[in-house]
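A.B. asks: Build me a model from this:
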Amino acid sequence: MIGEHTDYNGGHVFLAAITLGIYGVVRKRQDQSIRLYSENFAEVGIIELILNDLSYKKEDGWTNYSKGMVHYLMNDSYPIDQGMAILFYGMIPNDAGLSSSASIELLTGVMLNDLFDLDIHMLNLVKTGQ
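C.D. replies: Below you'll find the model as predicted:
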């Protein structure tokens, strides 16, 4: 058994597959706008960001996970040069210790890797999400 936060603090973990996941759809935009929407946070609505201003903002809530991935990929000189629209839907419960936030980060990275033909190795995406 593990306690909360044991995994990233170097403790021993018990890994197991689950039938829950996260899904996303992405498309490029012709401007510098990033529009994010989650079916899981429908009450929040669409969050609109600008590609050159991806700083953390508490009021942006869950979208900070996607913003972080875009920000760090751009800092690593990957050519993300136009905006995008992303729709998320997940079945991973929030605040359940199942890494729902990490799933948003990694899914964002996987979608951007494909959308912009970035040729990033999956292990590098995982490390970027840390």
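
A.B. asks: And for stretch 40-52, what's in contact with it?
C.D. replies: 32-38, 60-63, 67, 70, 74, 80, 82-83, 88-90, 94 (C-beta atoms under 8 Å, 6 or more residues apart in numbering). (Glycine included, C-beta is placed from N, CA and C.)

A.B. asks: Please indicate which of those residues are buried?
C.D. replies: 34-38, 60, 62-63, 67, 70, 74, 80, 83, 88, 90 (16 or more other C-beta atoms under 10 Å).

A.B. asks: Setting aside sequence-adjacent positions, which residue approaches the spatially most central residue of the chain most closely?
C.D. replies: For the chain, the residue sitting closest to the mean C-alpha position, by C-alpha atoms, centre = their mean, is E105 at 2.2 Å. With C-beta to C-beta, 6 or more residues apart in numbering as the criterion, E105 has its nearest non-adjacent residue at 4.1 Å, and that residue is G129.

A.B. asks: So which residues make contact with stretch 80-97?
C.D. replies: Applying C-beta under 8 Å, 6+ apart, the set of residues contacting stretch 80-97 is 4, 20-40, 51, 66, 70, 73-74, 98-100, 103-104, 107-108, 111-112, 115-116, 118.

A.B. asks: Just the ones in helices from the residues you listed, please.
C.D. replies: 66, 70, 73-74, 100, 103-104, 107-108, 111-112, 115 (DSSP state H).

A.B. asks: For these, which two are the farthest from each other?
C.D. replies: M74 and S100 (23.9 Å; C-beta to C-beta).

A.B. asks: can you pull the contacts of A102?
C.D. replies: 65, 129.

A.B. asks: quick one: pLDDT of it?
C.D. replies: According to the prediction, A102 has pLDDT 81.
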